[in-house]
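S.K.: fold the stuff below for me.
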Amino acid sequence: MKCLEPFVLRELEIRNRIVMPPMCMYCATQGMASDFHLAHYGARALGGTGLIIVEATGVLPEGRITDRCLGFWDDRQIEPMRRIVDLCRSYGARVGIQLNHAGRKCTAGEVTTIFAPSPIRYDEESRVPEELTPKGIRRVVEAFAASAARAADVGFDLVEIHAAHGYLLNQFLSPVTNRRTDAYGGSTENRARLLVEVARAVRDALPARIPLQVRVSAVDHVPGGLDVAETCRLLHHVKTLVDCVHVSSGGLTPTPPKFFPGYQVPYSAEVRRTLGLPTIAVGLVTEPELIEEILLNERADMVAIGRGLLRNPFLPLDLAKRAGAPYTGPEQYRRAFM
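M.R.: Numbers count the residues shown, from 1 in each chain. As a prediction, this is how the structure comes out:
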């Protein structure tokens with residue numbers, strides 16, 4: 001099976017093409033990872049996942065989505081993260097971290113002021129955000145860089161910048177939420193400017209061996225929002241800074257997309273074809289036949305499986321057994337796969 005073949009980004013060899021995407025667990029305290037996180041991620045490493053991406057991690061207190069989200073703005077948050085990385089790597093997985101700023105979608109009660117490119121609230125029940133000033137923008141860029149440096153210190157193998165699902169960087173990219181008239185709004189180049197600055201700062205904070213990828217919502221699913229062609233034009237501005245694109249969609253507004261198996265895969269294929277960069281496909285990709293079709297037809301280079309890995313941490317080993325591949329899991333569990 002193609003999904004069981006290794007994949008390389010920069011100097012990082014990933015044992016297979018199965019990715020655990022970042023999924024918020026909402027059980028951190030003051031941004032610090034808990035024992036649940038250790039068991040949660042460790043189980044997927046034990047079960048054979050190639051690349052595990054730790055959930056959205058706020059680069060500032062107001063960058064969290066909720067009070068219970070992970071954070072990386074404080075050195076006290078380093079050691080709990082190090083436990084996760086060390087455990088997962090000891091079982092053969094490679095571990096990335098998704099760095100995020102929630103922008104107007106921050107609901108943390110501990111945060112008194114939330115920020116966005118423009119003072120447009122997410123929905124009628126949300127707070128109205130303050131427009132980020134140039135000084136505030138510089139603070140965000142510096143926070144991403146500082147969090148990336150902590151990630152490198154901890155031993156993360158990869159860093160992902162979260163520019164999807166309606167969070168701050170997505171808010172700057174989309175004309176629906178970015179009504180600015182300065183250098184960060186208006187044209188495609190201007191709306192991409194903050195992402196470029198963040199990507200450059202993060203790249204400079206990381207050793208050359210560590211891959212950097214970006215997650216995007218290729219389509220906003222709302223009138224006047226991003227489509228995949230405009231997303232490719234935006235990504236063109238960071239093409240030389242990132243090694244891979246994790247292609248999702250939606251989240252900018254409460255309007256949901258229409259869900260069906262593989263519904264986001266065409267976006268991955270288009271980004272891959274247009275930019276010539278490796279991509280990760282995601283979105284109700286659960287059946288082995290669909291996973292293989294995506295990879296064999298070069299619609300993505302890796303496949304992220306969220307719900308499937310939540311249900312079954314040993315999904316990669318199950319796929320290997322189905323393919324008749326040699327067992328590579330823990331010796332203690334071999335009898336279950338004979």
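
S.K.: now stretch 1-20: how far from the chain's centre is it?
M.R.: 17 Å (Cα atoms, centre = their mean, to the nearest Å).

S.K.: quick one: buried residues of that stretch?
M.R.: 1-4, 7, 9, 12, 14-20 (16 or more other Cβ atoms under 10 Å). Every C-beta, even on glycine, is put in place using the N, C-alpha and C of the backbone.

S.K.: which among those residues gets closest to residue 217?
M.R.: residue 19 (17.3 Å; Cβ to Cβ).

S.K.: for the closest one, which three-state class applies?
M.R.: strand (DSSP: H, G, I helix; E, B strand; the rest coil).

S.K.: same question for residue 254.
M.R.: coil.

S.K.: for it, give me its contacts.
M.R.: If a contact means Cβ atoms under 8 Å, 6 or more residues apart in numbering, then residue 254 has 122-123 as its contacts.

S.K.: coming back round to it: from the buried residues of stretch 1-20, which two are the most distant?
M.R.: Maximum distance among the buried residues of stretch 1-20 (Cβ to Cβ): 21.1 Å, for 1 and 12.

S.K.: follow-up on the earlier one: let me have the buried residues of stretch 1-20 in TSV, extended by pLDDT and secondary structure.
M.R.: As requested, the buried residues of stretch 1-20 are exported to TSV (pLDDT from 0 to 100; DSSP: H, G, I helix; E, B strand; the rest coil):
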residue	pLDDT	secondary structure
1	90	coil
2	95	helix
3	94	helix
4	96	helix
7	98	strand
9	98	strand
12	98	strand
14	98	strand
15	97	coil
16	97	coil
17	98	coil
18	97	strand
19	98	strand
20	98	strand
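
S.K.: make a markdown table from those and add distance to residue 148 to it.
M.R.: A markdown table is the format used below for these (distance: Cβ to Cβ, whole Å):
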| residue | distance to residue 148 |
| --- | --- |
| 1 | 34 |
| 2 | 31 |
| 3 | 29 |
| 4 | 31 |
| 7 | 22 |
| 9 | 16 |
| 12 | 15 |
| 14 | 20 |
| 15 | 24 |
| 16 | 26 |
| 17 | 25 |
| 18 | 25 |
| 19 | 20 |
| 20 | 20 |
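
S.K.: in a helix, residue 97, correct?
M.R.: No: counting by three-state DSSP, residue 97 falls outside a helix, being strand.

S.K.: surely it meets residue 153?
M.R.: No: the pair residue 97 / residue 153 is not scored as a contact, 11.7 Å apart, by Cβ atoms under 8 Å.

S.K.: what about the two, which has more around it?
M.R.: Taking neighbours as other Cβ atoms under 10 Å, residue 97 and residue 153 compare with residue 97 leading, 27 against 12.

S.K.: what's the spacing between the more buried one and residue 322?
M.R.: 31 Å (Cβ to Cβ, to the nearest Å).

S.K.: got it, and residue 132?
M.R.: Counting by Cβ to Cβ, the gap from residue 132 to residue 322 is 49 Å.

S.K.: same thing with residue 9?
M.R.: 26 Å.

S.K.: export only the CA atoms of stretch 63-75, formatted as PDB.
M.R.: Below are the C-alpha coordinates for stretch 63-75, written out as PDB (Å, rounded to 0.1, in the frame of the first residue of the first chain):
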ATOM      1  CA  GLY A  63      -4.200  33.300  20.800                       C
ATOM      2  CA  ARG A  64      -6.000  30.300  22.400                       C
ATOM      3  CA  ILE A  65      -9.400  29.200  21.100                       C
ATOM      4  CA  THR A  66     -10.500  28.400  24.700                       C
ATOM      5  CA  ASP A  67      -9.200  28.500  28.200                       C
ATOM      6  CA  ARG A  68      -8.500  24.700  27.900                       C
ATOM      7  CA  CYS A  69      -6.300  24.900  24.800                       C
ATOM      8  CA  LEU A  70      -2.600  24.300  24.700                       C
ATOM      9  CA  GLY A  71      -0.200  27.300  24.700                       C
ATOM     10  CA  PHE A  72       3.500  27.900  24.000                       C
ATOM     11  CA  TRP A  73       4.000  31.500  25.100                       C
ATOM     12  CA  ASP A  74       5.700  30.600  28.400                       C
ATOM     13  CA  ASP A  75       8.700  28.500  29.100                       C
END
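
S.K.: how far does that stretch sit from its chain's centre?
M.R.: Worked out by Cα atoms, centre = their mean, stretch 63-75 lies 15 Å from the chain centre.

S.K.: show me what contacts the residue lying closest to residue 293 once chain neighbours are set aside?
M.R.: Closest residue to residue 293 apart from its sequence neighbours, by Cβ to Cβ, 6 or more residues apart in numbering: residue 299 at 7.8 Å. Applying Cβ under 8 Å, 6+ apart to residue 299 gives the contacts 265-266, 268-269, 272, 281, 293.

S.K.: which of the helices or strands spans residue 150?
M.R.: Secondary structure from DSSP states H and E places residue 150 in helix 134-154.

S.K.: which other residues reach the helix or strand following that helix?
M.R.: Next in sequence after helix 134-154, counting helices and strands by DSSP H and E, comes strand 158-163. With Cβ under 8 Å, 6+ apart as the test, strand 158-163 has contacts from 9, 12, 22, 51, 53, 56, 94-101, 144, 148, 151-152, 169-170, 173, 195, 198-199, 202, 206, 210-217, 242, 246.
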